[in-house]
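Student: Give me a model of this one.
(2 chains)
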Amino acid sequence: PYAGLVSRLRAAWLSGRTRPMEHRVAQLEAPGRFLDEKKQDVLEAAALDMGKPPFEVELSKISIFRSELNHTLNNLGTWMKDEHVEKNWVTQLDSAFIRKDPYGVVLIIAPWNYPIHLLLVPLIRAIAAGNCVVMKPSEISRNVERLVAETLPSHVPPCALSAPARLCCHTSHPPLSQDCFAVVTAGVKETTRLLENKFDHIFFTGSPSVGRIVMAGAAAANHLTPLTLELGGKNPCYVSDTCDVQNTARRVAWGRFFNAGQTCVAPDYVLCSAEMREKLLPALREAITDFYGSNPRESPDFGRMVGDKQFQRVQRLLRSGRVAIGGQTDEDARYIAPTVLVDVQQDDPIVQETSGPILPILTAASVDDAITFINAQERPLALYVSSSCKKVVNRVLERMSSGGFCTNDTPVPPEPGSEARCSAGQSGLGRYHGRSSFETFSHPRSALLRGAGREALNAPRYPPYAPGRLPLLWAAIEPK
Amino acid sequence: NPYAGLVSHLRAVWLSGRTRPMEYRVAQLEALGRFLDEKKQEILEATALDMGKPSFEAHFTEILLCKNHLNNTLNNLSHWMKDEYVDKNLVTQLDSAFSSAIPYGVVLIIAPWNYPIHLLLVPLIGAIAAGNCVIIKPSEITKNTERLVAETLTCYLDNDCFAVVTAGVQETTRLLENKFDYIFCTGSPSVGRIVMAAAAKHLTPLTLELGGKNPCYVSDTCDVQNAARRVAWGRFFNAGQTCVAPDYVLCSVEMQDKLMPALREAITEFFGSNPQESPDFGRIVGDKQFRRIRALLCSGRVAIGGQTDEKERYIAPTVLADVLPSDPVMQEEIFGPILPIVVVANMDEAIDFINARPRPLAIYAFSCDSKVVNQVLERTSSGGFCGNDTLMHTTLTSLPFGGIGNSGLGKYHGRFTFDTFTHHRGCLHRNMGLETLNALRYPPYSQQKLGLLTATFEIKRKGMCTLL
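Tutor: All right, here's what the predicted structure looks like:
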């Protein structure tokens, strides 16, 4: 059912109209205007979907997004430039460069936990790189989905050379008049149908199980589509014996309970010695009270689970170990208190990704034990270490692999601009944020433009071959 | 799972950190250099036996080009391994923010048969430089080279970290059931699909170097002699078995008439009047491939060549004229010494023709008018591009080599090979103290805090100012 939509976008891309910088800049203004004019609606939709505190929405969706947008607009000219490269002897008089071509028609599938941010940030990168884009917001955050589908397209300026708008049938919302990008609302079944189409790049944020389906689909039929998968994983947080306990507790608590724990880079579990655990618990209790008061349920600054299914899944995880802090739940409000669990065993169900406001503490006698434990798991998206001792930090950094790494803090949400956020193994493939995000959506095409004459330079390579020419040939192509 | 033990052994050694230090990587790379020097004769003999590779070509691609990559890597390794410091915002000014190059772990390299040493060693060089452990699977089609690699290469490398697996189709499928941390495969699109599907099960990142039909547009304003020579060289090198070879020519009917005698002259210059007797012209690698290519000869009209000899697996350097898009030779990648010419009216028609087809590994455009070359570059999409020549863009280690769409995903050569096998991890080292800087972000939330917070990290649009 989406074939018409995809081919319309592909025709628009082939016409070349998404290439010029002016077009990209004009298109990029659209999501910014959308957020400006619809800010109140965005805040309300996020609150309805998952009780997101307005502060968190403003911070993660609006403010950080705007930074990304400005960073892109500030640098687009530079990023788009051909990159001239070093030449060898034989190509000295030629022009050799890397051209950043768009991929073509890109599909962006966004998750529900930061439904605007994780949709719009890849969107601006894809537009910046000159692609046409199909966006699929998450069907789980219903209100945001509806808002995006109904309002975002009307903020997009018409393409410079618009073909007459053609209706696309079968989507559950009215079609767009835009030829260069589209919003598709789809549940699981329709998304599977959507994935049958050929895209030139797929950018997916979601769970590893769905990531596998997307990647398998990309391999299917004639597609071989390159993809970026931002998945998740169990992000460990190792707290060494030499650290500032108060600060560590505050930073870890903030990272864990922001957005009621529904963040892919949140610290999922703490590893520390039994002594440190005894010090950490009261510090965590204090941080939680500082943040949310004595009854977090009444705090306007603490979110809710996005849906009943997710609520029930997280609630089940409370059975692991022993509740040391929190543990209260309210099914009607989909509320789960900021909770800390202790005496958790390695094979407890909570050792899977939590995606909720529960922080289990596991004991590791030493940094080496912690390293061994973490290395035995799937590679996480983020790895956190809290320590005043550089040696400890470096040891962990060297011995473990993860998407990203942070010492003495849990930067959630990630800071905008230049730091690459990336994934490894189970936690995903590809990297984005900052300049590398532009590179995610562009294809580095190598180009060598030679002269039509100067044929004498080429003579040594032609048959009839003479072995004596080999050294000359090698000298000609050696990097200088 | 017959390979599980091998994979877990390599993974254990990798986890021990043995491949991390630069000295270790340099030692292994230098050993590869010794392999190329000491086993040069054996490599030339094996490739001659396998597919009649002229020794000049084998020396050039299998030895010299590999040494190029090796030297480039050794010269730059310490620079590539360095942490890359990144821009920080106000909040992180006092922190350390950098991108760190870490190996993936245990990687699998699957090599094809057309440049069996080169397309195995060049990725291997990058994989070792990046600090990984590697399982190498050479092509089973080039049997002599496969045996050489299996028996000799391992003597030069640390066997706890690097292993060669000889495997046919079935065993390779079993091998792919294991979890690798990266897969690098050079081969046909159909093999690529199988590898990607297997990688999907473990969410393994991969690079696929595939192929396609590389178009070669020859405009009416070009130096016909030079163009013919360069196109012929690119097409007939290695008897056409090159993934970036010009697969077919697009030109006007007038240009076809001029090109034909020029091509005939170039072919005679290169291989003499009877190419079958030239020591500088290769053979087709196997009977199956020979028969497949021979079947393509019934397209258009044989203008030059067309002779075949099944016993020798010889197919003469051939040019086909008046080929139609529906002809058999235009339905698949030729991968043999046949050059079809398809007539188009003008450059626009050529560009439309190219864009209507799957994106190739390379596009070539010949013209004395640089505007024409640039137009073709601008309005098409491909892995790589070369104006007024063929193949040469792949000899520059500073240019990325790779496909797009059906011709592949990922890129390598030079620094890009190192980057392919490296996971660039974003790292942020924050201070344990200085907690007041963080106070703004903690609950209880307030509008005032938000204003201050956004001021500290928001990136403003350049060229704008706020009047207070």
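Student: make it CA atoms for all contacts and neighbour counts henceforth
Tutor: Fine.
Student: so when I look at residue B:183, I'm seeing a strand, right?
Tutor: Yes. Under DSSP: H, G, I helix; E, B strand; the rest coil, residue B:183 falls within a strand.
Student: so it sits right up against residue B:206, yeah?
Tutor: Yes. The pair formed by residue B:183 and residue B:206 meets the contact definition of C-alpha atoms under 8 Å, at 4.7 Å.
Student: shared neighbours of the two, anything?
Tutor: residue B:199 (C-alpha atoms under 8 Å, 6 or more residues apart in numbering or on different chains).
Student: what's the helix or strand for residue A:265?
Tutor: For residue A:265, there is no enclosing helix or strand under DSSP states H and E.
Student: Using the three-state scheme, assign residue B:303.
Tutor: Following three-state DSSP, residue B:303 is assigned to strand.
Student: Spit out the contact partners of it.
Tutor: B:260, B:318-321.
Student: So which bits of the stretch 51-200 of chain A are right by chain B?
Tutor: Residues of the stretch 51-200 of chain A lying close to chain B by C-alpha under 8 Å from any C-alpha of the partner chain are A:55, A:58-59, A:63-64, A:66-68, A:70-71, A:73-74, A:85-88, A:96-98, A:101, A:200.
Student: Just the pLDDT at residue B:229, thanks.
Tutor: Note for residue B:229: predicted pLDDT of 96.
Student: How many residues are close by it?
Tutor: Neighbours of residue B:229 under the rule other C-alpha atoms under 10 Å in any protein chain shown: 26.
Student: I'd say it and residue B:263 touch.
Tutor: Yes. Contact status for residue B:229 versus residue B:263: in contact at 6.7 Å, counting by C-alpha under 8 Å.
Student: how about the strands of the stretch 251-400 of chain A, start to end?
Tutor: Taking DSSP state E, counting those that start in this stretch as the test, the strands found in the stretch 251-400 of chain A are A:269-272, A:322-325, A:329-330, A:335-336, A:339-342, A:358-363, A:382-386.
Student: Paired strands for the longest one, with orientation please.
Tutor: Based on DSSP bridges, the strands next to strand A:358-363 in the sheet, each with its direction, are strand A:269-272 (parallel), strand A:339-342 (parallel).
Student: Equivalent analysis for the second one, please.
Tutor: When pairing is defined by DSSP bridges, strand A:322-325 lines up against strand A:339-342 (antiparallel).
Student: on that earlier part again, would you list the contacts of residue B:303 in CSV and tack on neighbour count and pLDDT?
Tutor: Converted to CSV, the contacts of residue B:303 look like this (neighbours: other C-alpha atoms under 10 Å in any protein chain shown; pLDDT from 0 to 100):
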residue, neighbour count, pLDDT
B:260, 19, 97
B:318, 24, 97
B:319, 24, 97
B:320, 24, 97
B:321, 22, 95
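Student: that older thread, most packed of the strands of the stretch 251-400 of chain A?
Tutor: strand A:382-386 (a mean of 30; mean count of other C-alpha atoms under 10 Å in any protein chain shown).
Student: send the alpha carbons of that one over as CSV?
Tutor: The C-alpha trace of strand A:382-386 is given here as CSV (Å, rounded to 0.1, in the frame of the first residue of the first chain):
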residue,chain,number,x,y,z
ALA,A,382,26.5,3.2,27.5
LEU,A,383,29.0,2.4,30.2
TYR,A,384,29.3,4.6,33.3
VAL,A,385,32.0,4.7,35.8
SER,A,386,32.1,6.7,39.0
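Student: Make a markdown table from the strands paired with strand A:358-363 and add mean pLDDT to it.
Tutor: Shown next, in a markdown table, are those (pLDDT from 0 to 100):
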| stretch | mean pLDDT |
| --- | --- |
| strand A:269-272 | 93 |
| strand A:339-342 | 94 |
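Student: Show me where the stretch 1-150 of chain A has its helices.
Tutor: Remark: helices assigned in the stretch 1-150 of chain A by DSSP state H, counting those that start in this stretch are A:3-14, A:21-37, A:39-50, A:54-56, A:64-80, A:117-128, A:142-151.
Student: out of those, which comes closest to residue B:297?
Tutor: The closest of those to residue B:297 is helix A:3-14. By C-alpha to C-alpha, the value is 33.1 Å.
Student: In space, what's closest to the residue of the stretch 251-400 of chain A found nearest chain B - neighbours in sequence excluded?
Tutor: Nearest residue of the stretch 251-400 of chain A to chain B: residue A:291, at 4.4 Å (C-alpha to the nearest C-alpha). With C-alpha to C-alpha, 6 or more residues apart in numbering or on different chains as the measure, residue B:443 is the residue that lies nearest to residue A:291, at 4.4 Å, once sequence neighbours are left out.
Student: Please identify the helix or strand for that neighbour.
Tutor: Following DSSP H and E, one finds residue B:443 outside all helices and strands.
Student: Is stretch A:238-248 in proximity to chain B?
Tutor: Yes. For stretch A:238-248 and chain B, the contact criterion (C-alpha under 8 Å from any C-alpha) is met by A:243-244, A:247-248.
Student: thinking in terms of the whole chain, how far from its middle is stretch A:88-101?
Tutor: Centre-to-centre, stretch A:88-101 and its host chain are 34 Å apart (C-alpha atoms, centre = their mean, to the nearest Å).
Student: Could you list the contact residues of the stretch 251-400 of chain A toward chain B?
Tutor: So the stretch 251-400 of chain A meets chain B at A:254, A:290-292, A:301, A:386-388, A:399 (C-alpha under 8 Å from any C-alpha).
Student: Kindly recompute the last result at 6 Å.
Tutor: residue A:291 (C-alpha under 6 Å from any C-alpha of the partner chain).
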